[in-house]
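A.B. asks: Fold the following for me, if possible:
(one chain, ligands or ions: 2)
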Amino acid sequence: MKILVTGGAGFIGSNFIFHMREKHPAYELVCLDKLTYAGNLETLAPVMEEPNFRFIRADIADREAVYSIFAAEQPDVVVNFAAESHVDRSIENPAVFLETNVMGTQVLLDACRKYGIGRYHQVSTDEVYGDLPLDRPDLFFTEQTPLHTSSPYSASKAAADLLCSAYQRTYNMPITISRCSNNYGPYQFPEKLIPLMIANALADKPLPVYGEGLNVRDWLYVEDHCAAIDLILERGQVGQVYNIGGHNEMKNIDIVRRILAILGKPESLITYVTDRKGHDMRYAIDPSFIHRELGWLPETRFDEGIQKTVQWYLDNRAWWERIVDGEYQGYYERMYANR
Ligand code: NAD
Ligand code: DAU
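C.D. replies: Numbering: from 1, shown residues only. Ligands and ions are numbered 1, 2, ... in the order given. Here you go, the predicted structure:
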């Protein structure tokens with residue numbers, strides 16, 4: 001079995017590579033990644049020298065490069081994690097989100113069609129469903145919830161999902177899609193809420209909470225997401241969408257307070273800043289379909305997962321300090337100065 005993992009030098013893709021190495025040591029894994037600002041080869045150091053792992057630097061939107069990789073590698077399965085993934089960046093510059101997330105997905109689908117594959121899996125997001133109101137805790141996203149996007153990021157992910165469904169139906173291709181809630185854990189780029197707050201708290205810098213901090217996200221430990229994708233590849237039904245989430249809804253402000261408490265830092269570091277444009281209020285996944293069909297359940301409780309995550313950032317300062325000290329500083333200035 002040979003799996004082509006796109007975007008494997010990023011947060012979830014790298015965790016997926018580590019998960020698959022451990023669970024299926026005989027599989028061959030080929031990682032295709034453009035190494036954008038979010039991709040980090042250092043993350044893959046533990047597997048780089050392994051005989052059944054190969055890294056190829058390429059852009060999923062580069063048709064020629066992708067076709068020649070498919071011709072040479074002949075993967076059995078493709079799992080597409082490659083994406084521009086940060087909502088704030090999509091508000092600043094939507095174009096690259098369409099190039100990678102939409103056109104890149106189309107190139108991968110065309111390559112799968114041309115060279116043939118056993119399965120193409122699209123890693124999507126709960127953001128394609130838009131948001132839910134705070135005063136309706138009875139409402140959840142199911143696989144039947146209509147797509148209703150808010151940001152250029154979520155619009156590009158929804159467009160990619162629709163392309164996948166269209167290719168599945170029109171060309172009868174073996175495609176599955178998963179839509180997961182917010183992930184957290186090791187190797188997450190420090191532009192995202194949890195690692196950003198950990199990094200700032202450790203540096204005694206202000207913690208920039210958007211609006212009033214009342215927005216709700218449904219947090220899942222990254223390893224649980226990887227296990228769900230593994231299961232979908234093994235036993236998922238072609239043509240099916242699977243929602244992935246663990247019923248772990250939390251307000252942003254409570255997450256930030258929890259991080260400060262774990263690190264023993266004062267709440268006076270919390271700074272309320274101008275809200276994100278078009279900010280989704282609440283995400284909440286109904287994961288009953290994947291539980292019923294495939295028996296998937298999350299294994300890591302938030303209390304344990306957040307402790308492990310904070311500890312990982314404490315133990316791996318070199319990994320994220322290099323990022324925070326590098327070109328990311330320019331992004332941080334643009335995003336947060338005078339906010
Ligand atoms: P990330 O930003 O950490 O990593 C993205 C990776 O894709 C990076 O290694 C980057 O170099 C690579 N990449 C970007 N553009 C590329 C291109 N044109 N060609 C090849 N590689 C390219 O993202 P992440 O948080 O790991 O998210 C991975 C996937 O999971 C995305 O598709 C995202 O939409 C989805 N997702 C993320 C979350 C979350 O909470 N982070 C939740 C649900 C779904
Ligand atoms: O739901 C899945 C999605 O989760 C994924 O598809 C995206 O790729 C991923 O980035 C994430 O999107 P969010 O926008 O929910 O994540 P982010 O970490 O950017 O923000 C989480 C919440 O925290 C959100 O309500 C905005 C808020 N926030 C974020 C940052 C970076 C702040 O209050 N301050 C901040 O500095």
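A.B. asks: was I right about M335 contacting D88?
C.D. replies: Yes: using CB atoms under 8 Å, M335 makes contact with D88 at a distance of 6.1 Å. Every residue, glycine included, has its C-beta placed from N, CA and C.
A.B. asks: Please go through this structure and pick out the longest helix.
C.D. replies: In the chain, taking DSSP state H as the definition, the longest helix is helix 152-171.
A.B. asks: Contacts for it, please.
C.D. replies: Outside helix 152-171, the residues that touch it by CB atoms under 8 Å, 6 or more residues apart in numbering are 83-87, 89-91, 94, 97-98, 100-102, 105-106, 109, 113, 120, 122, 124-125, 127-128, 130, 147, 149, 173-175, 177, 179, 238-239, 241, 280.
A.B. asks: which among the residues you listed end up buried?
C.D. replies: 83-87, 89-91, 94, 97-98, 100-102, 105-106, 109, 120, 122, 124-125, 127-128, 130, 147, 149, 173-175, 177, 179, 241, 280 (16 or more other CB atoms under 10 Å).
A.B. asks: Restricted to strands, list the residues you listed.
C.D. replies: Y120, Q122, S124, T125, I175, I177, R179, V241 (DSSP state E).
A.B. asks: which ones are touching the third one?
C.D. replies: Looking back up the chat, that one is S124. Applying CB under 8 Å, 6+ apart, the residues near S124 are K157, A160, D161, I177, S178, R179, C180, V241.
A.B. asks: Give the bridge partners for the fourth one, please.
C.D. replies: Beta-bridge partners recorded for I177 (DSSP bridges): Q122, V241.
A.B. asks: Surely it is in contact with Y242?
C.D. replies: Yes: I177 lies in contact with Y242 (CB under 8 Å); the separation is 7.3 Å.
A.B. asks: quick one: K251 and E99, what's the gap?
C.D. replies: 34 Å (CB to CB, to the nearest Å).
A.B. asks: Around the residue in the chain that ligand 1 sits nearest to, how many other residues sit close by?
C.D. replies: For the chain, the residue closest to ligand 1 is G10, as judged by CB to the nearest ligand atom, at 2.0 Å. When counting by other CB atoms under 10 Å, one arrives at 25 neighbours for G10.
A.B. asks: Look at it and report its pLDDT.
C.D. replies: pLDDT, G10: 98.
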